[in-house]
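Q: no sequence for this one, just the structure:
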(Lines give C-alpha, C1' and ligand atoms only; values in the text may rest on other atoms or scores of the structure.)
Protein backbone atom coordinates (compact mmCIF):
# COMPACT_ATOMS: atom_id res chain seq x y z
CA UNK A 1 0.00 0.00 0.00
CA UNK A 2 1.24 3.47 -0.90
CA UNK A 3 -0.36 6.92 -0.53
CA UNK A 4 -2.24 8.33 -3.48
CA UNK A 5 -0.85 11.29 -5.44
CA UNK A 6 -2.36 13.91 -3.11
CA UNK A 7 -2.19 11.91 0.13
CA UNK A 8 -5.71 13.22 0.73
CA UNK A 9 -9.13 11.60 0.96
CA UNK A 10 -9.82 13.03 -2.51
CA UNK A 11 -7.45 10.45 -3.97
CA UNK A 12 -10.64 8.38 -3.95
CA UNK A 13 -11.76 9.26 -7.49
CA UNK A 14 -14.65 11.70 -7.68
CA UNK A 15 -14.60 12.90 -4.08
CA UNK A 16 -14.47 16.62 -3.32
CA UNK A 17 -13.85 18.41 -0.02
CA UNK A 18 -14.72 22.00 0.82
CA UNK A 19 -13.63 24.10 3.78
CA UNK A 20 -14.94 27.36 5.18
CA UNK A 21 -13.82 29.11 8.33
CA UNK A 22 -14.04 32.35 10.28
CA UNK A 23 -10.70 33.26 11.85
CA UNK A 24 -12.21 35.56 14.47
CA UNK A 25 -14.71 32.84 15.39
CA UNK A 26 -11.87 30.29 15.52
CA UNK A 27 -14.19 27.74 13.98
CA UNK A 28 -15.32 26.40 10.66
CA UNK A 29 -16.93 23.65 8.62
CA UNK A 30 -15.83 20.93 6.22
CA UNK A 31 -18.00 19.08 3.70
CA UNK A 32 -17.29 15.95 1.66
CA UNK A 33 -19.32 14.93 -1.38
CA UNK A 34 -19.01 12.78 -4.47
CA UNK A 35 -20.13 13.03 -8.10
CA UNK A 36 -23.25 11.05 -7.15
CA UNK A 37 -24.80 9.75 -3.96
CA UNK A 38 -22.63 7.81 -1.52
CA UNK A 39 -23.29 4.62 0.39
CA UNK A 40 -22.39 5.24 4.01
CA UNK A 41 -22.58 4.26 7.64
CA UNK A 42 -20.89 5.33 10.88
CA UNK A 43 -19.59 4.21 14.24
CA UNK A 44 -19.52 6.16 17.53
CA UNK A 45 -17.12 5.10 20.27
CA UNK A 46 -16.94 8.29 22.32
CA UNK A 47 -19.25 9.07 25.20
CA UNK A 48 -20.37 12.55 24.10
CA UNK A 49 -21.24 12.65 20.38
CA UNK A 50 -23.07 15.43 18.60
CA UNK A 51 -24.73 14.30 15.38
CA UNK A 52 -27.41 14.87 12.77
CA UNK A 53 -29.08 12.33 10.45
CA UNK A 54 -26.93 9.42 11.65
CA UNK A 55 -29.79 7.01 12.44
CA UNK A 56 -30.53 6.68 8.73
CA UNK A 57 -27.02 5.27 8.24
CA UNK A 58 -27.75 2.14 10.27
CA UNK A 59 -27.81 -0.97 8.04
CA UNK A 60 -31.42 -1.77 8.96
CA UNK A 61 -32.75 1.65 7.89
CA UNK A 62 -34.39 2.09 4.50
CA UNK A 63 -32.36 5.02 3.17
CA UNK A 64 -29.62 3.53 1.00
CA UNK A 65 -27.47 6.52 0.06
CA UNK A 66 -26.54 10.05 1.13
CA UNK A 67 -25.48 13.20 -0.69
CA UNK A 68 -22.71 14.62 1.51
CA UNK A 69 -21.15 14.47 4.97
CA UNK A 70 -20.40 17.48 7.17
CA UNK A 71 -17.79 17.85 9.90
CA UNK A 72 -18.10 21.11 11.81
CA UNK A 73 -16.97 23.10 14.77
CA UNK A 74 -19.52 24.89 16.89
CA UNK A 75 -20.94 22.08 19.01
CA UNK A 76 -24.75 22.07 18.79
CA UNK A 77 -24.75 25.28 16.78
CA UNK A 78 -22.43 23.68 14.23
CA UNK A 79 -24.96 21.01 13.34
CA UNK A 80 -26.76 23.75 11.41
CA UNK A 81 -23.84 23.82 8.97
CA UNK A 82 -25.56 20.84 7.36
CA UNK A 83 -28.60 23.06 6.71
CA UNK A 84 -26.46 25.33 4.55
CA UNK A 85 -25.12 22.33 2.66
CA UNK A 86 -28.65 20.96 2.19
CA UNK A 87 -29.82 24.28 0.76
CA UNK A 88 -26.89 24.45 -1.63
CA UNK A 89 -27.35 20.87 -2.82
CA UNK A 90 -31.06 21.47 -3.37
CA UNK A 91 -30.23 24.41 -5.62
CA UNK A 92 -27.93 22.08 -7.57
CA UNK A 93 -30.83 19.66 -8.06
CA UNK A 94 -29.25 16.97 -5.91
CA UNK A 95 -30.95 14.79 -3.35
CA UNK A 96 -33.29 11.88 -2.76
CA UNK A 97 -36.01 11.93 -5.41
CA UNK A 98 -39.58 11.99 -4.10
CA UNK A 99 -42.14 12.76 -6.82
CA UNK A 100 -41.16 16.26 -8.02
CA UNK A 101 -38.99 16.96 -4.96
CA UNK A 102 -35.28 16.58 -4.25
CA UNK A 103 -34.34 16.07 -0.60
CA UNK A 104 -30.58 16.16 0.08
CA UNK A 105 -29.51 13.80 2.87
CA UNK A 106 -26.50 15.18 4.75
CA UNK A 107 -25.37 13.50 7.99
CA UNK A 108 -23.15 15.63 10.21
CA UNK A 109 -21.00 15.50 13.33
CA UNK A 110 -19.51 18.30 15.41
CA UNK A 111 -16.57 19.07 17.67
CA UNK A 112 -16.75 21.23 20.78
CA UNK A 113 -14.69 24.38 20.14
CA UNK A 114 -16.83 26.98 21.91
CA UNK A 115 -14.18 27.81 24.54
CA UNK A 116 -11.10 27.98 22.32
CA UNK A 117 -10.57 31.74 22.55
CA UNK A 118 -12.58 32.81 19.49
CA UNK A 119 -15.37 35.37 19.41
CA UNK A 120 -18.58 33.40 19.93
CA UNK A 121 -20.81 36.42 20.69
CA UNK A 122 -22.80 36.21 17.46
CA UNK A 123 -26.34 37.49 16.97
CA UNK A 124 -27.13 34.98 14.20
CA UNK A 125 -25.83 31.43 14.01
CA UNK A 126 -22.91 31.59 11.52
CA UNK A 127 -22.77 27.90 10.72
CA UNK A 128 -25.44 27.59 7.99
CA UNK A 129 -23.51 30.19 5.97
CA UNK A 130 -20.23 28.40 6.68
CA UNK A 131 -21.76 25.16 5.45
CA UNK A 132 -22.92 26.76 2.21
CA UNK A 133 -19.51 28.36 1.66
CA UNK A 134 -17.77 25.05 2.32
CA UNK A 135 -19.95 23.42 -0.35
CA UNK A 136 -19.09 26.21 -2.80
CA UNK A 137 -15.38 25.62 -2.08
CA UNK A 138 -15.51 21.85 -2.68
CA UNK A 139 -12.61 20.62 -4.82
CA UNK A 140 -10.16 17.77 -5.13
CA UNK A 141 -7.17 19.79 -3.90
CA UNK A 142 -7.87 21.25 -0.47
CA UNK A 143 -5.88 22.52 2.48
CA UNK A 144 -5.44 20.75 5.80
CA UNK A 145 -4.28 22.08 9.16
CA UNK A 146 -6.23 24.93 10.75
CA UNK A 147 -8.97 25.14 8.15
CA UNK A 148 -12.59 24.06 8.01
CA UNK A 149 -13.72 21.98 10.97
CA UNK A 150 -10.12 21.97 12.24
CA UNK A 151 -9.78 25.76 12.48
CA UNK A 152 -10.12 25.97 16.26
CA UNK A 153 -9.43 22.36 17.22
CA UNK A 154 -7.37 21.61 20.32
CA UNK A 155 -5.85 18.30 21.44
CA UNK A 156 -4.87 17.40 24.97
CA UNK A 157 -1.51 19.18 24.85
CA UNK A 158 -1.27 20.98 21.50
CA UNK A 159 -3.35 22.78 18.92
CA UNK A 160 -5.28 20.37 16.72
CA UNK A 161 -6.59 20.70 13.19
CA UNK A 162 -7.92 19.00 10.08
CA UNK A 163 -5.90 16.09 8.69
CA UNK A 164 -6.18 13.82 5.67
CA UNK A 165 -4.31 10.86 4.15
CA UNK A 166 -4.79 8.08 1.62
CA UNK A 167 -3.56 4.62 0.64
CA UNK A 168 -3.86 2.72 -2.62
CA UNK A 169 -4.15 -1.02 -2.01
CA UNK A 170 -2.41 -3.64 -4.14
CA UNK A 171 -5.85 -4.47 -5.58
CA UNK A 172 -6.14 -0.91 -6.92
CA UNK A 173 -8.77 0.08 -4.35
CA UNK A 174 -8.20 3.53 -2.84
CA UNK A 175 -8.91 4.34 0.80
CA UNK A 176 -8.72 7.82 2.34
CA UNK A 177 -9.35 9.53 5.65
CA UNK A 178 -10.37 13.00 6.79
CA UNK A 179 -10.30 13.92 10.49
CA UNK A 180 -10.97 16.91 12.70
CA UNK A 181 -8.68 16.26 15.66
CA UNK A 182 -10.02 17.86 18.86
CA UNK A 183 -9.64 15.13 21.54
CA UNK A 184 -9.11 15.40 25.28
CA UNK A 185 -6.23 12.94 24.88
CA UNK A 186 -2.76 13.67 23.57
CA UNK A 187 -1.55 13.07 20.01
CA UNK A 188 2.10 13.22 21.09
CA UNK A 189 4.14 11.39 23.71
CA UNK A 190 5.31 13.32 26.80
CA UNK A 191 7.53 16.17 25.64
CA UNK A 192 5.28 16.83 22.62
CA UNK A 193 7.81 15.92 19.89
CA UNK A 194 7.03 12.33 18.94
CA UNK A 195 3.62 11.29 17.64
CA UNK A 196 1.87 8.21 19.00
CA UNK A 197 1.08 7.42 15.34
CA UNK A 198 4.77 7.49 14.33
CA UNK A 199 5.04 3.73 13.58
CA UNK A 200 2.46 4.20 10.82
CA UNK A 201 3.97 7.32 9.21
CA UNK A 202 4.71 7.13 5.49
CA UNK A 203 7.81 9.10 4.57
CA UNK A 204 8.00 12.32 6.55
CA UNK A 205 4.34 13.28 6.27
CA UNK A 206 4.31 14.46 9.88
CA UNK A 207 7.94 15.23 10.53
CA UNK A 208 9.70 11.89 10.11
CA UNK A 209 11.00 11.81 13.70
CA UNK A 210 10.05 8.19 14.21
CA UNK A 211 8.66 6.60 17.38
CA UNK A 212 9.59 7.80 20.83
CA UNK A 213 12.52 5.58 21.91
CA UNK A 214 11.45 5.59 25.56
CA UNK A 215 9.45 2.78 27.10
CA UNK A 216 6.67 2.73 29.67
CA UNK A 217 4.75 5.58 28.07
CA UNK A 218 1.05 6.27 28.41
CA UNK A 219 0.65 5.49 32.11
CA UNK A 220 -0.13 9.09 33.08
CA UNK A 221 -2.96 11.22 31.74
CA UNK A 222 -1.57 14.67 30.97
CA UNK A 223 -3.86 17.13 29.26
CA UNK A 224 -3.60 20.91 29.32
CA UNK A 225 -6.99 20.96 27.68
CA UNK A 226 -8.63 18.77 30.32
CA UNK A 227 -7.39 21.15 32.99
CA UNK A 228 -9.03 24.08 31.26
CA UNK A 229 -12.27 22.39 30.13
CA UNK A 230 -12.45 19.41 32.46
CA UNK A 231 -16.16 18.60 32.22
CA UNK A 232 -16.82 19.70 28.67
CA UNK A 233 -17.03 17.75 25.44
CA UNK A 234 -14.10 17.03 23.17
CA UNK A 235 -14.02 15.01 19.98
CA UNK A 236 -12.18 13.50 17.08
CA UNK A 237 -14.60 13.18 14.18
CA UNK A 238 -13.74 11.86 10.77
CA UNK A 239 -14.61 10.18 7.51
CA UNK A 240 -13.03 7.20 5.77
CA UNK A 241 -13.83 6.70 2.12
CA UNK A 242 -13.20 4.17 -0.62
CA UNK A 243 -14.06 3.59 -4.25
CA UNK A 244 -14.79 -0.08 -3.52
CA UNK A 245 -18.49 -0.90 -3.70
CA UNK A 246 -19.85 -1.36 -0.16
CA UNK A 247 -23.20 -2.18 1.36
CA UNK A 248 -24.29 -0.19 4.41
CA UNK A 249 -23.41 -3.14 6.62
CA UNK A 250 -19.92 -3.34 5.13
CA UNK A 251 -19.49 0.42 5.54
CA UNK A 252 -20.50 0.03 9.21
CA UNK A 253 -17.75 -2.57 9.68
CA UNK A 254 -15.16 -0.34 7.99
CA UNK A 255 -16.15 2.61 10.22
CA UNK A 256 -15.83 0.40 13.29
CA UNK A 257 -12.39 -0.92 12.37
CA UNK A 258 -11.23 2.59 11.46
CA UNK A 259 -11.56 3.57 15.13
CA UNK A 260 -8.40 1.54 15.70
CA UNK A 261 -6.66 4.47 14.06
CA UNK A 262 -7.90 6.86 16.74
CA UNK A 263 -6.66 4.53 19.48
CA UNK A 264 -3.23 4.35 17.81
CA UNK A 265 -2.92 8.11 17.43
CA UNK A 266 -4.61 9.53 20.57
CA UNK A 267 -3.85 8.51 24.15
CA UNK A 268 -6.29 8.09 25.77
CA UNK A 269 -9.10 7.94 23.22
CA UNK A 270 -12.84 7.16 23.29
CA UNK A 271 -13.24 8.81 26.69
CA UNK A 272 -16.59 9.68 28.35
CA UNK A 273 -16.27 13.32 27.29
CA UNK A 274 -15.00 12.55 23.76
CA UNK A 275 -17.56 12.33 20.98
CA UNK A 276 -15.39 10.13 18.77
CA UNK A 277 -17.24 9.29 15.56
CA UNK A 278 -16.15 8.01 12.16
CA UNK A 279 -18.27 7.93 9.01
CA UNK A 280 -17.45 5.42 6.26
CA UNK A 281 -18.57 6.15 2.70
CA UNK A 282 -18.18 4.55 -0.71
CA UNK A 283 -18.46 5.96 -4.22
CA UNK A 284 -19.29 2.41 -5.43
CA UNK A 285 -17.16 2.82 -8.54
CA UNK A 286 -15.03 -0.35 -8.15
CA UNK A 287 -16.41 -3.85 -7.70
CA UNK A 288 -14.77 -6.17 -5.16
CA UNK A 289 -13.75 -9.63 -6.41
CA UNK A 290 -13.10 -11.23 -3.01
CA UNK A 291 -15.39 -9.30 -0.63
CA UNK A 292 -14.28 -10.87 2.66
CA UNK A 293 -10.59 -10.28 1.97
CA UNK A 294 -11.24 -6.86 0.44
CA UNK A 295 -13.27 -5.63 3.41
CA UNK A 296 -10.49 -6.82 5.70
CA UNK A 297 -7.89 -4.88 3.72
CA UNK A 298 -10.07 -1.78 3.39
CA UNK A 299 -10.73 -1.68 7.12
CA UNK A 300 -7.03 -2.10 7.90
CA UNK A 301 -6.09 0.66 5.47
CA UNK A 302 -8.81 2.92 6.91
CA UNK A 303 -7.36 2.54 10.42
CA UNK A 304 -3.87 3.35 9.14
CA UNK A 305 -5.17 6.40 7.29
CA UNK A 306 -7.05 7.67 10.34
CA UNK A 307 -3.96 7.39 12.59
CA UNK A 308 -1.80 9.24 10.07
CA UNK A 309 -4.46 11.89 9.47
CA UNK A 310 -4.66 12.69 13.20
CA UNK A 311 -0.91 13.26 13.33
CA UNK A 312 -0.92 15.34 10.15
CA UNK A 313 -3.66 17.56 11.61
CA UNK A 314 -1.47 18.43 14.59
CA UNK A 315 1.77 18.58 12.59
CA UNK A 316 0.30 21.17 10.21
CA UNK A 317 -1.35 23.36 12.88
CA UNK A 318 0.02 26.89 12.94
CA UNK A 319 -0.17 29.71 15.53
CA UNK A 320 -2.95 32.28 15.38
CA UNK A 321 -3.86 35.25 17.61
CA UNK A 322 -5.63 34.25 20.80
CA UNK A 323 -4.54 30.59 20.78
CA UNK A 324 -4.92 28.80 24.11
CA UNK A 325 -2.44 26.01 23.38
CA UNK A 326 0.93 25.85 21.61
CA UNK A 327 1.46 24.27 18.19
CA UNK A 328 3.69 21.29 17.45
CA UNK A 329 5.55 23.59 15.03
CA UNK A 330 6.49 25.89 17.93
CA UNK A 331 9.05 23.27 19.01
CA UNK A 332 10.69 22.83 15.60
CA UNK A 333 14.46 23.30 15.60
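A: That came through fine. Computed from a prediction, not measured in an experiment: that's the story for all the values here.
Q: show me where pLDDT drops low in the stretch 51-200 of the chain?
A: Applying pLDDT under 70 to the stretch 51-200 of the chain flags no residue at all.
Q: where exactly do the helices run in it?
A: Per DSSP state H, counting those that start in this stretch, the stretch 51-200 of the chain carries helices over the ranges 75-78, 81-91, 127-136.
Q: what's the longest helix in the chain?
A: Longest helix of the chain, by residue count under DSSP state H: helix 291-315.
Q: what comes up buried for that helix?
A: The neighbour-count check on helix 291-315 (16 or more other CB atoms under 10 Å) flags 294-295, 297-315 as buried. Backbone N, C-alpha and C define where each C-beta goes, glycine included.
Q: tell me which other helices or strands that helix touches.
A: The contact analysis (3 or more CB pairs under 8 Å, 6 or more residues apart in numbering; DSSP states H and E) places helix 291-315 against strand 161-168, strand 174-182, strand 235-244, helix 248-265.
Q: by how many degrees do that helix and strand 161-168 diverge?
A: Orientation of helix 291-315 against strand 161-168 (axes from the mean of the first three to the mean of the last three CA atoms, to 10 degrees) gives an angle of 150 degrees.
Q: now the angle between strand 174-182 and helix 291-315, please.
A: Put simply, helix 291-315 runs at 40 degrees to strand 174-182, going by the same axes, to 10 degrees.
Q: if we can go back for a sec, dump the helices of the stretch 51-200 of the chain to CSV, plus distance to residue 216 and mean neighbour count.
A: What follows is the helices of the stretch 51-200 of the chain, written out as CSV (distance: least, CB to CB, whole Å; neighbours: other CB atoms under 10 Å):
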stretch, distance to residue 216, mean neighbour count
helix 75-78, 36, 21
helix 81-91, 42, 23
helix 127-136, 43, 25
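Q: mind giving me CSV with those helices and columns for distance to residue 174?
A: Formatted as CSV, those follow (distance: least, CB to CB, whole Å):
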stretch, distance to residue 174
helix 75-78, 29
helix 81-91, 24
helix 127-136, 23
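Q: ok, which of those comes nearest residue 269?
A: Closest of the helices of the stretch 51-200 of the chain to residue 269 is helix 75-78, at 19.5 Å (criterion: CB to CB).
Q: identify all contacting residues around the closest one.
A: Helix 75-78 has contacts (CB atoms under 8 Å, 6 or more residues apart in numbering) with 27, 29, 50, 72, 108, 110-114, 125, 127, 233.
Q: what is the neighbour count of the residue lying closest to residue 102 once chain neighbours are set aside?
A: Using CB to CB, 6 or more residues apart in numbering and skipping residues adjacent in sequence, the residue nearest residue 102 is residue 95, 3.7 Å away. Residues within reach of residue 95, counting by other CB atoms under 10 Å, total 19.
Q: on that earlier part again, what average pLDDT does the longest helix of the chain get?
A: What helix 291-315 shows for mean pLDDT is 94.
Q: same deal with stretch 252-268?
A: Mean pLDDT, computed over stretch 252-268, is 96.
Q: for that stretch, buried residues please.
A: The neighbour-count check on stretch 252-268 (16+ other CB under 10 Å) flags 252-267 as buried.
Q: separation between residue 49 and residue 68?
A: Relative to residue 68, residue 49 is positioned 19 Å away (CB to CB, to the nearest Å).
Q: quick one: the strand ranked longest in the chain to strand 161-168, angle?
A: If you go by DSSP state E, the chain has its longest strand at strand 27-44. Strand 27-44 runs at 50 degrees relative to strand 161-168, counting by the same axes, to 10 degrees.
Q: circling back: neighbour count: residue 49 and residue 68, which is higher?
A: Shown here are residue 49 and residue 68; by other CB under 10 Å, residue 68 has more neighbours (30 against 18).
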